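# Make a model of this:
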Amino acid sequence: MALHDYESSEPMADEGDILTDINPGPVPNGADTGPAAGIISQYIKDFSVENPNAPQSYQWDGQPQIDLQLNIGATPVSEEVHEVELKLNVTARVEQGNVYLIELSYCGLVGMRNLPDDQAHAFLYAEAPRILFPFARRVVADASRDLGFQPLMLDPIDFNGLYFQRLQQQAEAQGATGGAPAADA
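Sure thing, here's the model as predicted:
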């Protein structure tokens, strides 16, 4: 069957389709006033992998205990662009000592325009980390495998839950200090 002979039984999108109505038309002077947010690019900013007790660590018995420390930060780059940074510190330990250490600073450039402050803050500290995490997780898995161990597959993280938990902690701290502002997330 030639390409031009193909007939689809599926209906084509018509003029009233929701996908075509998302942006109903241009605004005066070509201004883009709709809210927008997204990841522009992502990259490894800093990365350290240590196997401090090799080759002895390959002879040690026991399942390593994994200690994961996670920190999220956001830094303005320009008026509409922020750098969101996921810092992951992973230490694998057994009774005899550290098996390996992985420190990763994985970043994304986030573009935001016309978002209310509360939505922009939520995007920077909850949604952007949720988008970046699978890629950082892959870097950690590859690094642990390249060290000669089983790939470390970090469990998924509920960044939205962590975000709202942090907001609640800040609200409680504000109440306890008589309304003094708490440190930012």
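
# in stretch 158-176, what's buried?
159, 162-163, 166-167 (16 or more other C-beta atoms under 10 Å). Glycine gets a C-beta too; all of them are placed from N, C-alpha and C.

# Please export the C-alpha coordinates of it as CSV.
The C-alpha trace of stretch 158-176 is given here as CSV (Å, rounded to 0.1, in the frame of the first residue of the first chain):
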residue,chain,number,x,y,z
ASP,A,158,7.0,12.4,46.3
PHE,A,159,8.3,15.9,45.7
ASN,A,160,4.8,17.4,45.9
GLY,A,161,4.3,15.8,49.3
LEU,A,162,7.7,17.0,50.5
TYR,A,163,6.9,20.5,49.3
PHE,A,164,3.6,20.7,51.2
GLN,A,165,5.1,19.1,54.3
ARG,A,166,7.8,21.8,54.2
LEU,A,167,5.2,24.6,53.8
GLN,A,168,3.4,23.2,56.8
GLN,A,169,6.6,23.1,58.9
GLN,A,170,7.3,26.7,57.9
ALA,A,171,3.7,27.8,58.9
GLU,A,172,4.1,26.1,62.3
ALA,A,173,7.5,27.7,62.8
GLN,A,174,6.0,31.1,62.0
GLY,A,175,3.2,30.5,64.5
ALA,A,176,5.6,29.4,67.2
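
# now it: mean pLDDT?
Averaged across stretch 158-176, the pLDDT comes to 89.

# before we move on, back to that, can you flag which of the buried residues of stretch 158-176 belong to helices?
Among the buried residues of stretch 158-176, DSSP state H puts 159, 162-163, 166-167 in helices.

# which one's the longest strand in this structure?
Using DSSP state E, we find that the single longest strand of the chain is strand 97-113.
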